[in-house]
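Novice: quick one, fold the following:
(one chain, ligands or ions: 1)
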Amino acid sequence: MSEPRESQHGQWSGRWAFVLAATGSAVGLGNIWKFPYITGENGGGAFVLVYLACILVIGIPVFMGEIIIGRRGRQSPDLSVRSLAEEANAPTIWQLGGLMGILAAFLILSFYIVVAGWAVSYIFTTASGTFKGATPDVVGSTFDGLLADPKRVLTWSTLVLVFTMFTVSRGVKRGLERTVSLLMPGLFVILVLLMGYAMTNGAFMEGVKFLFKPDFSQITGNGVLVALGHAFFTLSLGSGAMIAYGSYLGKEISITKTCIIVGAADTVVALMAGLVIFPIVFGNGLEPGAGPGLIFVTLPIAFGHMPLGTIIGTLFFVMLTFAAFSSAIALFEPPVVWMMEKFKTTRNNAILMMGAYLWIVSLGSALSSNLMSETHFLTIGGEPKNFFDSVDHIASNIMMPLGGLFVALFCGWVMTTKATSDELALEESPVFAYWQFILRYVAPILITLVFLNVIGIIDLSPA
Ligand code: PHE
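Specialist: Prediction:
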């Protein structure tokens, strides 16, 4: 492609705007909610090491691939892929890979706004002193009480959706960029404050040991695959989000450097979240392996019993809300630009239509913990699953790894070496050869393993 295309929907004002936005997308519920609890479930240090290796060896190279597709294609994820396939004289059916990412983003957002809604409601629950001195039973029933009330769950998730629609309606610079430039520094300041607190008030060294002292007897084959799957989720890969964000990136900015910075920032936030949560959990004699309830139940028990617990707890849920919101806007952008291009309509029309569809699908997840808790959609590993869990499984465990596989194959084998090296501007460097080797061989093989595991063809968990 001789003339670089102009991006059709806007452009970041510079490298740091992109770094903030991509970090905002990457840092989310995955870092603060999911990473600590899967680390707890998978035994700590050894799992963390494997996760770090996955980010470094596979996550960042695939991330670079997504940005290449976005920046060279300059359109919605599916049309970007299509035009690059045309450029390489490859079948345009590759476009389906981009389309699957967009669908994955839509499905993830449909339950993401529900969990983000819990986080927002917990700001008020915690600030009002509900957990002060509360027994584990009271804390548990506060969470169960929220989930059991369809009106409350729906009100909060609808609010998150409306704010997401509003932000995205203001476009790349005034909407996405301005929002992340407020939220991300805010999130970081709160995180540092909370870590300072955990260092002085929690069982900090115990937390450090749990996160960083590897005990390889604790890691299972399944744990390795969970780590790789999470590396995708946390870097927002396989969802079209990074392709869309890459399409607003200026030609002069180094993809390699920025992707490394974003990957590092995302990892640092996950580790810091762990260093906030585990010292507080251990310092209060609680269990790290509590699963998804770790931050909504275990942590509030601790907040109820520690000095300044109400303030610290409230700040924690404000931070979680910031993280979730800057990811929600990244999840909404790919379906919105897809609709703008597909139906040749304005941003606002696309947002209204997509928002309406999203709200309808999100009803299924919002009602999964109450009115529809007995309605099962999929059977996973022999267990019937409600709508929420089914959509999460299809989008995060099937569509995302498949999307990552698609990106690896597309950048490694379909796009010409000239095109990819032109974007990375690394022509003769061994870094380029390494990157291409990873995308051609290592990533496809490992992702295929994850994929086969999650759809249950092979099972690496101990019998
Ligand atoms: N990376 C986000 C998180 O860790 C989730 C996400 C996935 C955001 C895909 C955008 C796209 O929570």
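Novice: contacts and neighbour counts: CA atoms only from here.
Specialist: Will do.
Novice: ok now the worst-scoring helix or strand of the chain on mean pLDDT, how far from the chain's centre?
Specialist: Lowest on mean pLDDT, DSSP states H and E among the helices and strands of the chain sits strand 378-380, with a mean of 77. Centroid displacement of strand 378-380 relative to its chain, using Cα atoms, centre = their mean, to the nearest Å, is 23 Å.
Novice: wait, W94 sits on L84?
Specialist: No. The pair W94 and L84 fails to qualify as a contact (Cα atoms under 8 Å) at a distance of 9.4 Å.
Novice: out of these two, which sits in the busier spot?
Specialist: L84 (25 against 21; other Cα atoms under 10 Å).
Novice: tell me who's in contact with that one.
Specialist: 69, 72-73, 415 (Cα atoms under 8 Å, 6 or more residues apart in numbering).
Novice: convert the helix or strand in which it is found to PDB, retaining C-alpha atoms only.
Specialist: Under the criterion of DSSP states H and E, L84 resides in helix 77-87. Extracted C-alpha coordinates of helix 77-87, given in PDB (Å, rounded to 0.1, in the frame of the first residue of the first chain):
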ATOM      1  CA  PRO A  77     -11.900  -4.700  12.500                       C
ATOM      2  CA  ASP A  78     -13.700  -6.700   9.800                       C
ATOM      3  CA  LEU A  79     -13.200  -4.300   6.900                       C
ATOM      4  CA  SER A  80      -9.600  -3.700   8.000                       C
ATOM      5  CA  VAL A  81      -8.900  -7.400   7.700                       C
ATOM      6  CA  ARG A  82     -10.700  -7.500   4.400                       C
ATOM      7  CA  SER A  83      -8.700  -4.800   2.900                       C
ATOM      8  CA  LEU A  84      -5.400  -6.300   4.100                       C
ATOM      9  CA  ALA A  85      -6.400  -9.700   2.700                       C
ATOM     10  CA  GLU A  86      -7.100  -8.000  -0.600                       C
ATOM     11  CA  GLU A  87      -3.700  -6.300  -0.400                       C
END
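Novice: in it, what counts as buried?
Specialist: 77-85, 87 (16 or more other Cα atoms under 10 Å).
Novice: equivalent analysis for stretch 145-156, please.
Specialist: Result for stretch 145-156 [16+ other Cα under 10 Å]: buried residues 146-148, 150, 152-154, 156.
Novice: which other residues reach it?
Specialist: 114, 117-118, 120-121, 363, 366-367, 369-371.
Novice: quick one: distance of that stretch to the chain centre.
Specialist: With Cα atoms, centre = their mean, you get 23 Å for stretch 145-156.
Novice: thinking again about what came up before, mind putting the contacts of stretch 145-156 into CSV with pLDDT and secondary structure?
Specialist: Output for these, formatted as CSV (pLDDT from 0 to 100; DSSP: H, G, I helix; E, B strand; the rest coil):
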residue, pLDDT, secondary structure
V114, 96, helix
G117, 97, helix
W118, 96, helix
V120, 98, helix
S121, 97, helix
L363, 97, helix
A366, 95, helix
L367, 95, helix
S369, 90, helix
N370, 91, coil
L371, 94, coil
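Novice: for the residues you listed, which two are the farthest from each other?
Specialist: Of all pairs drawn from the contacts of stretch 145-156, the greatest distance, 21.5 Å, lies between V120 and L371 (Cα to Cα).
Novice: name the residues of stretch 298-317 that come out as buried.
Specialist: 298-306, 309-310, 312-317.
Novice: what segments of the protein are strands?
Specialist: With DSSP state E, the ranges of strands along the chain come out as 378-380, 383-385.
Novice: now mean neighbour count too, for those, in TSV please.
Specialist: Formatted as TSV, the strands of the chain follow (neighbours: other Cα atoms under 10 Å):
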stretch	mean neighbour count
strand 378-380	14
strand 383-385	15
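Novice: could those strands be laid out in JSON lines, adding distance to E206?
Specialist: Below are the strands of the chain laid out as JSON lines (distance: least, Cα to Cα, whole Å):
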{"stretch": "strand 378-380", "distance to E206": "35"}
{"stretch": "strand 383-385", "distance to E206": "35"}
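Novice: Y197: which of the ones you listed is closest?
Specialist: strand 383-385 (38.7 Å).
Novice: turn the strands of the chain into JSON lines, including distance to the ligand.
Specialist: Shown next, in JSON lines, are the strands of the chain (distance: least, Cα to the nearest ligand atom, whole Å):
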{"stretch": "strand 378-380", "distance to the ligand": "22"}
{"stretch": "strand 383-385", "distance to the ligand": "21"}
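Novice: just for this structure, where's the confidence low?
Specialist: Scanning the chain for pLDDT under 70 picks out the ranges 1-5, 381, 455-463.
Novice: who in it is up against the ligand?
Specialist: 25-31, 233-236, 239, 241, 327, 330-331 (Cα under 6 Å from any ligand atom).
Novice: mind redoing it with 5 Å?
Specialist: Residues of the chain lying near the ligand by Cα under 5 Å from any ligand atom: 25-30, 234-236, 327, 331.
Novice: any idea which of the residues you listed has the most stuff around it?
Specialist: Of the residues of the chain next to the ligand, with other Cα under 10 Å as the count, V27 tops at 32 neighbours.
Novice: got the phi/psi numbers for that residue?
Specialist: phi -80, psi 120 (degrees, to the nearest 10).
Novice: what of H9?
Specialist: Torsion angles, degrees, to the nearest 10, at H9: phi -120, psi 10.
Novice: check contacts around it.
Specialist: 75, 171-172, 248, 337.
Novice: which non-adjacent residue is nearest S80?
Specialist: Sequence neighbours aside, G73 is the residue nearest to S80 in space, at 3.9 Å (criterion: Cα to Cα, 6 or more residues apart in numbering).
Novice: my bad, G403
Specialist: G238 (4.1 Å).
Novice: neighbours of the one you found, just the number please.
Specialist: Using other Cα under 10 Å, G238 is surrounded by 32 other residues.
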